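Kindly generate the corresponding structure for this input.
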Amino acid sequence: MADLQHDMPRTTEVGADDGLLENRTAQEPLAVHVERAHAVLAAHPVADGYSGLPWALRHLPRYDLQLGEAAIDTDIPRMREGHVGALFWSLHLPEGPGGGRATAATLEQLDHVHAVIEAHPEGLRLVRTAGQIIDARNCGRVSVVLGPAHATAIEDSLGVLRILRALGLRVLTLTGTDWAGERGLTRFGEEVVREMNRLGVLADASGASAVTAARVLALSRTPVLCTRSAAWALRPHPANLPDELLAALGAARGLCMVPLTAEQTGPTVHDVADHLDHVREVAGPECVGLSGTYDSGVVHPRDLADASRYPHLIAELLRRGWSETELALLTWGNVQRVVRSADFAARAAQHHRPDTRTDHG
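From the prediction side, this is the model:
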């Protein structure tokens, strides 16, 4: 926890009166909680684990994120209103190109992302490290973290993985390939995870089979993400995690980033908060984060329609008695810890000889 101290709020410990304070908090008017939520988020903004904005923008003939754009869920004014400080931009490809096109399509996405960020320098900043996330926040910019990309993007090549990392990729989703599939990781898949650790690319186990997720957790020397996973116990969606995997993720100091989608969490803010409560209880407060999944074509819960609505979710958590320390971890601290851990592991491995093989063979 030492690496989080400068990101954490100063709180006053309370003792036997905790229950009375929680009851009093639950009875306060919603407007009071929303006001408090804005204050909490001003100090600890949201690091959003999944945004489909790059793909959504490809379908607009013109746009200006700085002024605002009604055709999408995310623009700079709404991110300001929702206190979004960092955003993971998905490089996933909805049509799933194959046959040698996955890498090219991912590179095209990267090229598009760079163009979008360069066109909005007053609001967005491309970042590659945890330190750069802090610097961007201090300069009043929203950090853009590249990824997740789909595992097919590397096309069974460690060389392509290294190239994508050099271009800024930070997260790779390990599912849907012959080396990371229903049967788990192959030997090559394990080599991919080791090389990701060496490079500082975070593993995303969202949508992976249980056996793949378990093996990645056991093998990875850096924390594992689930960028779009809620609690199976509350809603048995294929992408949600059963309690045993949530517990394992917590034990490995990974991060479950609960998506704000009606399909995975339910149709209301209350439902999303139930999932956050459950993940916190099973995996621990250091294992829970948020994924807006905005601009990814999904239906969002009521009152969480776009990136400006995070204060309404935080208000509900305040009503339930979440402390400022827990909320600081949820919105900002846990993501910072995970990215910082991957940065540290990559620096430590710099003097090790890299695997010079480039492909499956």
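
So which bits of the helix or strand where H278 lies are buried?
Following DSSP states H and E, one finds H278 within helix 269-283. Of the residues in helix 269-283, those buried under the neighbour-count criterion (16 or more other C-beta atoms under 10 Å) are 269, 271-280, 282-283. C-beta: built from backbone N, CA, C; applies to glycine.

same thing with stretch 221-229?
T222, P223, V224, L225, C226, T227, R228, S229.

quick one: average pLDDT of it?
Stretch 221-229 comes out with an average pLDDT of 97.

If you count contacts, what does the longest helix anywhere in the chain end up packed against?
Taking DSSP state H as the criterion, the chain has its longest helix at helix 102-118. When contacts are defined as 3 or more C-beta pairs under 8 Å, 6 or more residues apart in numbering; DSSP states H and E, helix 102-118 packs onto helix 53-57, strand 124-126, strand 142-146, strand 149-150, helix 158-166.

hang on, the earlier thing: how about TSV for the buried residues of helix 269-283, with distance to A104 and pLDDT added?
Output for the buried residues of helix 269-283, formatted as TSV (distance: C-beta to C-beta, whole Å; pLDDT from 0 to 100):
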residue	distance to A104	pLDDT
V269	40	97
D271	39	98
V272	37	98
A273	41	98
D274	42	98
H275	37	98
L276	38	98
D277	43	98
H278	40	98
V279	37	98
R280	41	98
V282	41	98
A283	38	98
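
Need the helices and strands packed on helix 102-118 in CSV (columns: mean pLDDT and mean neighbour count).
Putting the helices and strands packed on helix 102-118 into CSV (pLDDT from 0 to 100; neighbours: other C-beta atoms under 10 Å) gives the following:
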stretch, mean pLDDT, mean neighbour count
helix 53-57, 95, 21
strand 124-126, 98, 20
strand 142-146, 98, 25
strand 149-150, 96, 26
helix 158-166, 97, 19
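
D277 is in contact with L234, correct?
No. Assessed by C-beta atoms under 8 Å, L234 is found out of contact with D277, at 9.2 Å.

Now for these two: what residues contact both?
Here L234 and D277 have no joint contacts, going by C-beta atoms under 8 Å, 6 or more residues apart in numbering.

hang on, the earlier thing: average model confidence for the longest helix of the chain?
95.

what helix or strand does the one residue sitting closest to the centre of the chain sit in?
For the chain, the residue nearest the mean C-alpha position is G49 (2.0 Å; C-alpha atoms, centre = their mean). If you go by DSSP H and E, G49 is part of strand 46-51.

How far does that strand sit from its chain's centre?
5 Å (C-alpha atoms, centre = their mean, to the nearest Å).
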